[in-house]
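> Predicted model, plus sequence, below.
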Amino acid sequence: MRASDRSAIAVTISVMLACFTVIPLTSDGSFIALSWVLIIAIGATSLGLRRIRLTNSAVLSAQIAILLCYSLGLSLTLSSATSDLTTRWFEHYPSLWAQGIEHMRTQASPMEPDDGVKLIFVTVIGIIMIMTDLLVSGIGRPAWAIAPPATLFLVPALGLGTDTGVISFCCIAVGYLAILVAEGLNSTARWTRGLSRDSAEGFGTAMPVVWRAAGYLAVPAIIATIVLGFALPTLSLPGFGFGNGPGGSGPLQLTDPTLDLRRNLNQPEDRDVIQYQTTGPGGVYLRLASLPQLSANGWSNVQIRLNNGQDLPAIPGLSSEPDERRTTTIRVLDFGSQYLPLPYAPRTFDAPGDWRHDANSLIVISAGQRVQDMRRLAYTVESVDTDPDSSDLNNAVAGTPADAAVTAVTPPDLPDSLIQLANRITADADTPAAKAAAIQAYLRSSQFTYSTEPLPGSGYEALQNFLLRDRRGYCEQFASAMAMMARVVGIPSRVSVGFLPGEQDQDGWRVSIRDMHAWPELYFANYGWVRFEPTPASVTGSAPAWTIQTEDSAGSDPSADASSEPTAGEESPGAVPSTGPTEQPTDLGQGAGVAWGRTLITAGIALVVLAILAAPATIRVRRRSGRLNGSGPAEEQVEAAWAEIRDTVVDYGGSWPEGSPRAIGREVADRLDAEDSESMSRVATLVERSRYARSFDHGGAMSELPMMTSEIRRGVAAPAGWRYKLMAALLPRSLFRRKQKARPK
Amino acid sequence: MSRPWRLLTTRGRFFISIGLIVVLLAMASGQRDVMRLGLLLVVLPIIAGILVSRARLRMSCERSIEPAQVPLGSPMKGQIILGQDGRLPAGVLLLEDSVPRELGTRPRFLVDRADPNWRRVVEYPLLGRVRGRFSTGPLTVRTVDPFGLVQLDRQFVATSEVMVTPRIVPLPTIKTIGGGGSTGEARPHRVGVVGQDDALVREYRQGDDVRRIHWRSTARWGDLMVRREEQAWDPSASIVLDSRSSAHAGRGMQNSLEWAISAAASIGIHFLDDGFGIEIYEADGPLHISGTMGQHSSASQELVISRLTDLRPRLTTMIHYAVESATVDRPGQLAIAIMGRMNAQDAHSLLRVRRNRAQGLAMLLDVDTFADEPASEQQRAQHELAGQILRDNQWRVIDVPRGMGVADAWSALEQLNTAA
């Protein structure tokens, strides 16, 4: 096999493996097979053309030609939304690309299958293949060959917030090591030269040796990397990450507005955040965002398709748009959000900055930074009031909105207790509107208490806590409970987050930070999204007129009627109750768990490190106590004491002389004080006797041996500097002495 | 390993540096998957370093070069016998014998089997392309990992010595060169056996060496008499070798200096075989052949070869030193000059060498035929003039073009004589 063959095969394998790393991006795995065909074609081209010794540029051009042909050919088999097969290929191809880019921009990972995305993936992988081949075979820099496949790897690694996992890493690592091994084989094959005779059989090739060495090296390295990858801590510094930021072309990350909601409601001091004048009667609810998706995690955003422009599309579901427009001039005093506060349903708006809107929810989002600082932002918006008539609404049926796949489904894992509750409340209501009114009336009843400190929990658990156990909560609980129950009874629903209308003064309306609010919106045919207000009147005032069943049909629940009486007739200024502006930090149980786990891991690692650091000292101390415990035959005791003295001398950086015990004793004694040196020579004499005397007669000196030994130890340690003392305690050299001796000079 | 960093190749160092940066950045930004890539880059060289540096080599190496002394241009054969007992390290062992460039390329081979005990004989060709003494070895064992991240060089200590001598050609005996003034039939050492009673004497002349006074005849004649025959019977030859680099041209083995040295060595050996004492004078002075070793011919032969093997071209532009030392030294009966490119001045100074010698032979190398580009017209004329001056002063001169063998040139000198 030639060198170029090995490189080409290794590159092909490497890029084929690298394909797997982008799988988390899309739910459509069919691009893999298509890319593999392209990769193998390009690899085979490289192999064949380099075999016949064509120049790099010729090989490169051939590869690019193959890539272009394949990409174009693939595009002809794929269909595009904006162009069908009858359009010319040169229009079809870019339209597929545009479609794919748009799809990637708007979809969350994993993306839905899309032909444009498939084309883009296959083409990009082809480019990666050509670049890798160029690096390895073209310019002969195989070490750089990690760059192109790693680019593929980094897209999901950085783009997705989650860990892409070990398999993905292994694909990249194995592919890269394959390239390096190919280079190793090539360089060893080139090594042999200038021999006239060699008794060995395999002349020059060292395949088995190289593969063996590669195995010895690669397997421990990958395992160690994976283990270390889990063991090492990572910290997420705020504002430092490069993963979750608004990438230039990646999907916009939507913040969860409910997080702000809770925090803002608990603000220690109330402050005005928005000021507005509006032409219509009364104030307006200023809507920031709407959460259409109900899942085990509660209400959340879904991926939305953002559009440009100041004019918003038709109001979803509303059969006839009223002509009368309300013009609202809004001035933000002190508030920051990704969402633009707008009254529902906005028609056109005029705000400085780069804003995008979503056709389904009619919310407007900043295209730029994640949290837009909107201080002193002033803008005007034209909206229409979509308030339905109460009696008309009663006859309306629950509709099917455009995003019914999200807003009309009841999650299959919704707890039965919640479903039963919803069905029980609405048992007597026969129309959708009546059911909605019943739910609202139930929530506004006196069974429920407004409190910004509900039982902790998230998702279904929070709903269960609120509806079945605690019955305490704030607008978010009320809104999500109502929206959930509406889903159960068959009405599409979503939770909107925004501001209450606020207080009116001479200049217009003032909205304070504690006016932040959440409310459900329910979808009725011909009426579109209709606002309901389940939060108790103490906070929100009276419920909207259309949400109260005037007829008896819904009056089954007496408490609902009682509480839904308009106790506060007007939009009562100052009606916002003191909701206990405590600053109690609202700690989420989950977060605490994560923190505990991390602390434990860190502590564990610290313990292990400490144990490793302390190991030499421990071994040394154990060895010493074993030697000086005064048990065993006299000869062994003497030898042990002698060994201890030797190790002590070595520990403190001294050298142990060679020769007979007496000579050693004399030399070591020279370094000591007069008293210690006498002990040293006595010990040396003892050793000499124990080793060489026919019968060892210690003459009673054995009892003094431990004392003399420790005396000598002190004598050796006394003149040493603090560094040596520290070293002798923590990292005794004597432990490593034998190894040093064994090392050949 | 005391310095692990030294163990790493450039690639290994880059891996560690870049890997550490990636790991730190990934840790700071919480990207665990990116951190793994960086970790791999860090871990690979570390593990490779541990594997390679922990390995103990238990190898034995015997080496030899056959033959250890060759004339210029001859092939040699190097042999390495490598033995291994015990486990091989988990790296790739690349072996390279260090061979001086003058002898050929460095032979390389690698250990291509993983079993613990084997013996292997490797031979490689060498060619003595440059005159001189060389040493091959020691054998270097380079332990590398297959990914090219670490590299550990270890060396055996043994080396082999090689001597590439000038090419020595057996020369035919020239009858006309021999006992000074005599027929030359008698070989010098036989004459010497006869004894001192044969001594011829003449009257002392101003300037004669006191040691040459023949006291017995002096007593008989009542006048100072000196031995006359000692000079004639002293069988010695002085070879003047033009070793000036400016006087020679040509590439490598084809350099005219190599021809000159080869001729000097051949002639020197030839005369030593015949019992002559010889001395070679090169551009910087005598090579001290006769002085140190006396007349013992085989030792002197080795000395000639050894001295001429070590001879390097000189930067001197004149042959002044050679001529001076040749005239000052003991006068011989024969002067042989092997000259490169000459001019008239060189020729005139060369004339002084023959002043107290019986015969002068000169080989004038036609350097232009050795060189790639011809010399200037003027140099050419100078050279011819020099040859003419020598001929006019009863030197036997032969022009040696490229391609002519030393033996041919030597025979040609004889024919020249008979023709004359």
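Sure thing, it's come through.
> can you tell me which residues contact whatever residue of the stretch 1-150 of chain A ends up closest to chain B?
Here the stretch 1-150 of chain A gets closest to chain B at one residue, A:A143, 5.2 Å apart by C-beta to the nearest C-beta. No exception for glycine: its C-beta is placed from N, CA and C like everyone else's. Taking C-beta atoms under 8 Å, 6 or more residues apart in numbering or on different chains as the definition of contact, the neighbours of A:A143 are A:L180, B:R11, B:F14, B:F15, B:G148.
> how about the helices in the stretch 301-420 of chain B?
Taking DSSP state H, counting those that start in this stretch as the criterion, the stretch 301-420 of chain B contains helices spanning B:320-328, B:344-351, B:367-370, B:377-392, B:406-419.
> winner for burial among the ones you listed?
Mean neighbour count, computed with mean count of other C-beta atoms under 10 Å in any protein chain shown, is highest for helix B:367-370 among the helices of the stretch 301-420 of chain B, reaching a mean of 22.
> Just the CA trace of that one, in CSV.
Taking Å, rounded to 0.1, in the frame of the first residue of the first chain, the C-alpha atoms of helix B:367-370 are listed here in CSV:
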residue,chain,number,x,y,z
VAL,B,367,45.2,20.5,-14.2
ASP,B,368,43.0,21.9,-16.9
THR,B,369,41.9,18.5,-17.9
PHE,B,370,40.9,17.7,-14.4
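> pLDDT on that helix, on average?
For helix B:367-370, mean pLDDT rounds to 86.
> circling back: are we agreed that the residue of the stretch 1-150 of chain A closest to chain B is in a helix?
Yes. With DSSP: H, G, I helix; E, B strand; the rest coil as the criterion, A:A143 is assigned to a helix.
> Could you check how far the residue nearest to B:L139 when sequence neighbours are not counted is from B:A283?
Leaving aside its sequence neighbours, B:L139 sits nearest to B:F156 (C-beta to C-beta, 6 or more residues apart in numbering or on different chains; 4.7 Å). Plainly put, B:F156 is 41 Å away from B:A283 if you go by C-beta to C-beta, to the nearest Å.
> Same check on A:A545?
Look at A:A545 and B:A283: by C-beta to C-beta, they are 125 Å apart.
> returning to what we had before: share the number of residues neighbouring the residue nearest to B:L139, please.
Here the neighbour count serves as a burial measure; for B:F156 (other C-beta atoms under 10 Å in any protein chain shown) it reads 20.
> That one is in contact with B:T136, isn't it?
No. The pair B:F156 / B:T136 is not scored as a contact, 11.8 Å apart, by C-beta atoms under 8 Å.
> Could you name every residue contacting both of the two?
Common neighbours of B:F156 and B:T136, counting by C-beta under 8 Å, 6+ apart, are absent.
> how's the chain carved up into domains?
Picking chain A for this. According to automatic domain parsing, chain A is divided into the following domains: A:3-188+A:207-231, A:266-383, A:390-492+A:523-574, A:597-742.
> hmm, I had chain B in mind actually
According to automatic domain parsing, chain B is divided into the following domains: B:4-54, B:59-165, B:234-419.
> Is the shortest one positioned near chain A?
Going back to what we said before, that points to domain B:4-54. Yes. Counting by C-beta under 8 Å from any C-beta of the partner chain, chain A is contacted by domain B:4-54 at B:11, B:14-15, B:23, B:26-37, B:39-40, B:43-44, B:47-48, B:51.
> what pLDDT, on average, does that domain get?
On average, the pLDDT along domain B:4-54 is 89.
> distance between that domain and the chain's centre?
Domain B:4-54 sits 52 Å away from the centroid of its parent chain (C-alpha atoms, centre = their mean, to the nearest Å).
> And that domain, end to end?
In terms of C-alpha to C-alpha, to the nearest Å, the two terminal residues of domain B:4-54 are separated by 12 Å.
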